[in-house]
Every structure is written in structure tokens, then in C-alpha cells.
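Student: got a predicted structure plus its sequence, pasted below:
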Amino acid sequence: MVKNIHIKEYDYILPDEKIAKFPLDKRDESKLLVYKNKTIEESIFKHLDDYLPENSLLVFNNTKVIQARLIFQKETGTQIEIFCLEPKEPSDYAQIFLQNKSCTWLCMIGNLKKWKSGKLRCTVHGTRCTVERLESYGDTHLVRFEWDNPDVSFAEILETYGELPIPPYLNRKTEESDNTTYQTVYSKIKGSVAAPTAGLHFTKEVFDSLLKKNISFEELTLHVGAGTFKPVKSETIEEHVMHTECITVKKSVIENVLNKIDSVYAVGTTSVRTLESLYYIGVAISRNPEIPIRDLEVTQWMPYEKENNQIPVDEALGHIIRYLEENNLSSLTTYTQIMIIPSYQFKIVKGIITNFHQPKSTLLLLISACVGEKWKDIYDYALTHDFRFLSYGDSSLLFI
């Protein structure tokens, strides 16, 4: 049974010195491990064009990391950290950043024991802001932000007062350089609290070299939540609750994916999860063409139920395209909780560009779903050949 996978089987020793605390000065000079036909080869990322097939389609996640960490100080001097995770009122990412009076977010709160009740206050360039905790849901909390200047948007408050939330395993404070290096060069749509780090290696020069091989590019959006860092603490994967994330895919992108269905490559695990979610969304539409868009969310175990794998991929994507046309929609926006683990049968993605991930993580399980037990050889090779690990580390190209 897929749910009986023991997470201890996906563990390895990651010495702290193998974790890249800062990126290289030149993004595309990072090392590249290539796994194809059960063999491992080592290269440099700027030579990615040597390995991707001509005329293939490369799909990127264009989300942009927001300055989601805010530090408030109580009158006693105690600092309280508010970490914005997910918009609630309004729930749309684009709308919430435009708010000019108040908004509500689902947040994590640091030093919560010191904030029993009452409002926290700060002043941002003359704009007075207050923060109030409304409800609690385990380790997350509903928090309302209010401010007194209608000429200031919430996006401006974050950009002025917030801090970019670099990964906790870097064990250091955010530096000014992170504001540039912890964003992909193609980031556009604000909403993530963590970068889709596989894309951090791309440069204009890399894109130019790929274009010479007639490789085409498409973008989608998955806003990366803090759950991406959530370790699997349960003994078996059945007890782990996968985080839910918002995805947006344009109809034109789905059409191009359909046209290139035999040669789709994903940049990062977030792009993989979004692309593979499309199949199950198409399955849901095939059963109920009138289904409300709010009910198209892909749940954690949906891919592992036999009845959800009965139609061809091109048929599933065709259902989404027709659904969008009939509802006069230019893009699909919904949520996915998909968990890709060993035994998963890939529907769309033929290969993945990705960094090296933490032990006992759902990301490592996804890698194992791509390459099977060979993940151990791949990670052993990386550890013994001076590859740098995690967000600011080196990269790999894994053919499925």
C-alpha cells in the first residue's frame, strides 16, 4: 500500500557544510547532475542545452517571493514575528495586495506566548498599522491588518516593513543581497513565502542557449507556502497532511502542454505538482462538466485511486480547455494538495530540473517517484562530489 511508505527509508546524512548558505556569484555556474537511462553525469548548469531534447517544452513557476515576515514590538520591548502564509479576506492574492485599509491573512506567529491579547502597532513612513489576532488553528492563526492611509496598499506595507523569509535551515538572517538572489530572474506574480529554487540557476544566457535548440517556454503559477519546509514527522506517509497551495494556469499554457505532451519538462517540484494536478482536474471535469471551479481542488490521495486514472492525458487536458472556453475563462485558478510519492505514475512531465532536497521530506519522496531507488545513488554521488545542497545549492536534471 502506497500509504504505508516509511519515511525513515528516505533519510540520509546531510552535513551542515554541504548546505549552501549563499548562492554563487554567477547563477549559471552552479553544478548540474544529469540522470538519464540509469546513469549519472556531471556538468555545469550553463550547459543545460546539451541535455534537453530539441523542440521540448520547459515549464516554469513564475511566482514571486513576498516580504512576508514582519516584526512588531510590544510596549514591553518584546518582539513578535508575524509570518504571512495565505490570504483570507480577500482570498485572492492579487486583490489582497491592492487593499488600502485592511486585510486578513493566515499566519504563523513567533513568540506567541508573549502575545496574549490586544493589538500590535507600528508606523511605516507615517502610516500607522495595527495587527490583531482573531482565531487560532493549531500552529496557524487568523490575523487582521489595518492601517490609516488609503493611499498605501498592503503590498507597499510589506515591501517597506516586511522582510524576505529565507529558508530556516540557512540559520542566518536575511541580507540585502537575498532580495535579489532569492528570486528567479523571471519571477512576476507575488504570493510565495519560499522561492521555487530550481529556477534560481537560470540566466538570460541560459535562455538564449535553449532557444537555439528550439526549446520553448511556458509559465504557470504556484504560490509556495511554508509547508514546503514541513518535515514528515509521522512514521508512515499516511499520517502526513500535505500542504495545499494555490495554482493558476493560463488556457494557452494548457493548450501548449497538450501540443507538446511527449516532451514536457518541469523546472522545480512546484511546476511538477501543478502540471500533474492538471490531469486530475481534467478527470473531475470529465465526470461533471458543470462542476464549480471552487470544487476542482486536487486532494492528497486522488492520484492513487484507480478510478481517477481511467482516461488518456490528452482527453483530460481537452476537458479543461473546453471547460474554460464554456465558462469564458482565460485561466484556471484552483488549489492542489497533490502528494507525489513512490508508485506515482507521471501523466505529463518527462523530466525535472530540481535542487537537492532535505532528508525525510515530501520533496525527496517526489524525487524517488521520478527515479525510484536510484535516488540513493544520485544523492550519494552529489554528497561525494562536492555538490551544494538545498535552496542556494546546485541543480540536477532528472529524466523520468
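Tutor: Structure received.

Student: only C-alpha atoms for contact and neighbour calcs from this point on.
Tutor: Will do.

Student: nearest residue to the residue nearest the centre of the chain in space, please, no chain neighbours.
Tutor: Centroid-nearest residue in the chain: residue 224, 3.5 Å away (criterion: Cα atoms, centre = their mean). Closest residue to residue 224 apart from its sequence neighbours, by Cα to Cα, 6 or more residues apart in numbering: residue 192 at 4.6 Å.

Student: also residue 316?
Tutor: The shortest distance from residue 316 to any residue other than its chain neighbours is 4.2 Å, reached at residue 282 (Cα to Cα, 6+ apart).

Student: that neighbour is in what secondary structure piece?
Tutor: helix 269-287 (DSSP states H and E).

Student: buried residues, that helix. List them.
Tutor: Within helix 269-287, the residues that qualify as buried by neighbour count (16 or more other Cα atoms under 10 Å) are 269-286.

Student: what's the answer for stretch 79-90, then?
Tutor: 79-89.

Student: for the nearest residue to residue 294 once chain neighbours are set aside, phi and psi?
Tutor: Spatially, and ignoring its direct neighbours in sequence, residue 294 is nearest to residue 334 (6.6 Å; Cα to Cα, 6+ apart). Backbone torsions for residue 334, taken as degrees, to the nearest 10, come to phi -160, psi -160.

Student: I figured residue 334 was touching residue 246, is that so?
Tutor: Yes - between residue 334 and residue 246 there is a contact at 5.9 Å, judged by Cα atoms under 8 Å.

Student: same drill for those two, tell me which one is more crowded.
Tutor: Just comparing residue 334 and residue 246: by other Cα atoms under 10 Å the higher neighbour count belongs to residue 246, 21 against 18.

Student: can you tell me how far the more buried one is from residue 317?
Tutor: Between residue 246 and residue 317 the distance is 19 Å, computed by Cα to Cα, to the nearest Å.

Student: surely residue 4 and residue 234 touch.
Tutor: No - assessed by Cα under 8 Å, residue 4 is found out of contact with residue 234, at 10.9 Å.

Student: related to what we said a few turns ago, got the contact list for the residue nearest to residue 294?
Tutor: 246-248, 293-294, 296-297 (Cα atoms under 8 Å, 6 or more residues apart in numbering).

Student: let's have those in JSON lines, adding distance to residue 129.
Tutor: Listed next are the contacts of residue 334 as JSON lines, based on distance: Cα to Cα, whole Å:
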{"residue": "246", "distance to residue 129": "27"}
{"residue": "247", "distance to residue 129": "30"}
{"residue": "248", "distance to residue 129": "31"}
{"residue": "293", "distance to residue 129": "35"}
{"residue": "294", "distance to residue 129": "33"}
{"residue": "296", "distance to residue 129": "37"}
{"residue": "297", "distance to residue 129": "35"}
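
Student: could you say which helix or strand contains residue 130?
Tutor: According to DSSP H and E, residue 130 maps onto strand 127-137.

Student: and that strand, how far out from the chain middle?
Tutor: Its chain's C-alpha centre and that of strand 127-137 lie 26 Å apart, by Cα atoms, centre = their mean, to the nearest Å.

Student: so what secondary structure elements neighbour it?
Tutor: In terms of contacts (3 or more Cα pairs under 8 Å, 6 or more residues apart in numbering; DSSP states H and E), strand 127-137 is packed against strand 119-124, strand 140-147.

Student: and for that strand, what's in contact with it?
Tutor: For strand 127-137, the surrounding residues in contact (Cα under 8 Å, 6+ apart) are 117-123, 141-149, 152.

Student: list the buried residues in that strand.
Tutor: Within strand 127-137, the residues scored as buried using 16+ other Cα under 10 Å are 129-133.

Student: coming back round to it: and which of the contacts of residue 334 is nearest residue 367?
Tutor: Each of these was scored against residue 367 by Cα to Cα, and residue 247 proved nearest at 20.8 Å.

Student: contacting residues around that closest one?
Tutor: Per Cα under 8 Å, 6+ apart, neighbours of residue 247: 220-223, 274, 332-336.

Student: re earlier: quick one: the residue nearest to residue 294 from residue 366, how far?
Tutor: According to Cα to Cα, residue 334 and residue 366 sit 21 Å apart.

Student: pretty sure residue 273 sits against residue 338.
Tutor: Yes - in this structure residue 273 lies within contact range of residue 338 using Cα under 8 Å: 6.6 Å.

Student: and stretch 192-200, how far apart are its ends?
Tutor: With Cα to Cα, one end of stretch 192-200 sits 14 Å from the other.

Student: rank the helices and strands packed on strand 127-137 by pLDDT, which is bottom?
Tutor: Set side by side, those give their lowest mean pLDDT on strand 119-124, at a mean of 87.
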